[in-house]
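Engineer: Have a look at this fold, sequence not included:
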């Protein structure tokens, strides 16, 4: 188990750094570099099975790969690597949770759970993003970044068969009043140079008398995965009302 707090410029000359405890890099301008270890020619690797926290203004640089299995990463600064890969610790276990409103410089392979923002916020990936796992989006209003989460990708964003986008309602101001969207509200939750949907599924909260629709659009500067709140077609409205009543009844019983 490793517990290490970095609050000054640090360089670790090793081909591999394993973390099963807590690794934090905090403080504006502070930097942790994991390099190839002098003459080492193989990739460096940060193998994270614990918790990693990158504070605002701090930087983690990996001269190779960031490999995370289980545990959690909170990135409010900048993480740089050739490849980021997120997995469960083992099949059937809880996936690695990657959250934050910082920057990732490198390609990302998400086989786990990515949640942009700090309830809410924007996670920026300077590279390509591929998802077989889950993307969690929080909606607390109609203003991007300050009221709802955004995953911003400078390269391509590919959602493969079996991947899922989960939407949760929040109070963007930290209270208990969950956001209640209105018909016509729109949320561009993923921005990328190119968005490829090869089987993404959606888990939306129940909206009484309303429903979510989704589409990939061209904004002129990027493609966006847009969520829209719409009034359902008459044939589906009774089913939505019954679903909303059942959901309310379930909440009352849990109380």
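Structural biologist: Perfect, I can see it now. Computed from a prediction, not measured in an experiment: that's the story for all the values here. Numbering: from 1, shown residues only.
Engineer: When you work out contacts or count neighbours from here on, use the C-alpha atoms and nothing else.
Structural biologist: Will do.
Engineer: Quick check: what element follows the helix or strand hosting residue 187 along the chain?
Structural biologist: Counting by DSSP states H and E, the element that carries residue 187 is strand 186-192. Beyond strand 186-192 on the C-terminal side, the first helix or strand identified by DSSP H and E is strand 194-197.
Engineer: by contact count, what packs against that following strand?
Structural biologist: When contacts are defined as 3 or more CA pairs under 8 Å, 6 or more residues apart in numbering; DSSP states H and E, strand 194-197 sits against strand 156-159, strand 223-230.
Engineer: Just the mean pLDDT for the longest one, thanks.
Structural biologist: For strand 223-230, the mean per-residue pLDDT is 98.
Engineer: next one: it to chain centre, how far?
Structural biologist: On the basis of CA atoms, centre = their mean, to the nearest Å, strand 223-230 sits 17 Å off its chain's mean C-alpha point.
Engineer: What pairs with it, parallel or antiparallel?
Structural biologist: Partners of strand 223-230 in the sheet, by DSSP bridges, are strand 186-192 (antiparallel), strand 211-218 (antiparallel).
Engineer: which residues sit against it?
Structural biologist: With CA atoms under 8 Å, 6 or more residues apart in numbering as the contact definition, strand 223-230 has outside contacts at 181-195, 210-218.
Engineer: Quick check: end-to-end length of stretch 31-51?
Structural biologist: End-to-end distance of stretch 31-51 (CA to CA, to the nearest Å): 17 Å.
Engineer: The helix or strand where residue 84 lies packs against which elements?
Structural biologist: Per DSSP H and E: residue 84 is located in strand 78-87. On a contact count with 3+ CA pairs under 8 Å, 6+ apart, strand 78-87 meets strand 59-62, strand 64-69, strand 103-110.
Engineer: Residue 47 is nearest to which of those?
Structural biologist: strand 64-69 (4.9 Å; CA to CA).
Engineer: so what does the closest one touch, helix or strand wise?
Structural biologist: Helices and strands touching strand 64-69, by 3+ CA pairs under 8 Å, 6+ apart, are strand 44-48, strand 78-87.
Engineer: can you list the helices and strands packed on strand 78-87 in a markdown table and add distance to residue 31?
Structural biologist: Shown next, in a markdown table, are the helices and strands packed on strand 78-87 (distance: least, CA to CA, whole Å):
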| stretch | distance to residue 31 |
| --- | --- |
| strand 59-62 | 5 |
| strand 64-69 | 16 |
| strand 103-110 | 14 |
